[in-house]
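Asker: Let's see this in three dimensions:
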Amino acid sequence: MILKKMLFIYNPHAGKGKIKSSLSDIIEIFVQADYEVTIYSTKERDDAKKLALEKGQEFDIVVCSGGDGTLNEVTSGLMECPHAPVIGYLPAGTTNDFASSMGIPKNMVKAAEAVVNGEPFAYDIGSLNDRYFTYVAGFGVFTNVSYETPQTTKNLLGRAAYILEGVKSLPTIKSYHVRVQYDDTIIEDDFIYGMVTNANSVGGFKGITGKDVGLDDGQFEVTLIKSPKNIVELQHIVNALLVRDLEDKFIYSFHASNLDITCEEEVSWTIDGEFGGSYTKMHLQNHQQALSYLTTIITDKLVVEE
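Answerer: A predicted model of the protein is given here:
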């Protein structure tokens, strides 16, 4: 019998290092499914990307475990491979937005079972200039929270850490005067926040990207929030977001397969929860069905397991 070859990359520090207690069970699941498993533990930033790029094509499947940042590294590495293998994901981070959107169990052992029993789903990958993102690229208020919040705080407080750190930034909200062009449309205004997504969940909040999100349709969901003139308008915006009213007068919400954004000053971005660089000219491109992930998606519906 010829065994299938699996490259298993995991971040031992993600999510309080919770994979350590389940690692032997996870490997056993893979071995029982007739995989020959090669295991790598990441030691520093970009380790997962380098491994995926240099070793990925030697395997039938690449499985990664970690937070959204680890998944982004593996995705980025495989996007540079001429013939990328199918990808499995065991979520171990703080929010795990990608797993929520894709119906991947949050329990790591169940996620491993979903890898060996799941079906490949061809998923859209985004790029911001020369950087790939799996599900979100964003700028403005709150977007720096995820990468400026210490890992120890994330581990201790979970999602509350983002909220607590975000509140601290409210007195210093900055707006950007940007020009956005997509299809035949041009938008020019002052914005405090913008996100380009391919997900049902961002920052652990479901439904914030709109309804009927297609993960393989070649279209981004784009949300831009105009700059408020006073605290009353700011509260109005917060209320609109809480009830997910994307048709509010302060919010631009639309679909686009690619868009160009320009600003006279540098705009800092987050990509899948990590710092993604600062730019004055930004081109965002949807790479339709670029990579396949193993998932519990059935036809066009998402089956989200806890």
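
Asker: can you count the residues close to residue 77?
Answerer: Residue 77: 24 surrounding residues under other Cβ atoms under 10 Å. Where you see a C-beta, it was placed from the backbone N, CA and C, and this is true even at glycine.

Asker: Could you do the one 5 residues further on as well?
Answerer: A count of neighbours around residue 82, defined by other Cβ under 10 Å, yields 5.

Asker: Need the nearest residue in space to it, chain neighbours excluded.
Answerer: Among residues not flanking residue 82 along the chain, residue 57 sits closest, at 7.4 Å (Cβ to Cβ, 6 or more residues apart in numbering).

Asker: Could you do residue 3 as well?
Answerer: Closest to residue 3 by Cβ to Cβ, 6+ apart is residue 36, at 4.1 Å.

Asker: With residue 296 instead?
Answerer: residue 103 (4.4 Å).

Asker: again with residue 191
Answerer: residue 224 (5.2 Å).

Asker: residues in contact with the one you found?
Answerer: If a contact means Cβ atoms under 8 Å, 6 or more residues apart in numbering, then residue 224 has 180, 187, 189, 191, 193-194, 251-253 as its contacts.

Asker: same thing but at 6 Å, please
Answerer: Counting by Cβ atoms under 6 Å, 6 or more residues apart in numbering, residue 224 makes contact with 191, 194, 252.

Asker: Now do the buried residues in the helix or strand the second one falls within.
Answerer: Meaning residue 194. Using DSSP states H and E, the secondary-structure element containing residue 194 is strand 185-197. Of the residues in strand 185-197, those buried under the neighbour-count criterion (16 or more other Cβ atoms under 10 Å) are 187, 191-197.

Asker: cool, and stretch 268-288?
Answerer: Residues of stretch 268-288 classed as buried under the neighbour-count rule (16+ other Cβ under 10 Å) are 268-274, 276, 279, 282, 284-287.

Asker: quick one: low-confidence parts of the stretch 1-150 of the chain?
Answerer: Applying pLDDT under 70 to the predicted model, the residue ranges of the stretch 1-150 of the chain that meet it are 1-2, 15-16, 94, 142-150.

Asker: Please enumerate the strands of it.
Answerer: Using DSSP state E, counting those that start in this stretch, the strands of the stretch 1-150 of the chain run over residues 4-10, 35-41, 61-66, 86-91, 119-128, 131-133, 136-140.

Asker: Redo those strands as JSON lines? Include mean neighbour count and distance to residue 236.
Answerer: Written out in JSON lines, the entries for those read as follows (neighbours: other Cβ atoms under 10 Å; distance: least, Cβ to Cβ, whole Å):
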{"stretch": "strand 4-10", "mean neighbour count": "21", "distance to residue 236": "44"}
{"stretch": "strand 35-41", "mean neighbour count": "16", "distance to residue 236": "48"}
{"stretch": "strand 61-66", "mean neighbour count": "27", "distance to residue 236": "38"}
{"stretch": "strand 86-91", "mean neighbour count": "26", "distance to residue 236": "34"}
{"stretch": "strand 119-128", "mean neighbour count": "19", "distance to residue 236": "29"}
{"stretch": "strand 131-133", "mean neighbour count": "23", "distance to residue 236": "30"}
{"stretch": "strand 136-140", "mean neighbour count": "26", "distance to residue 236": "17"}
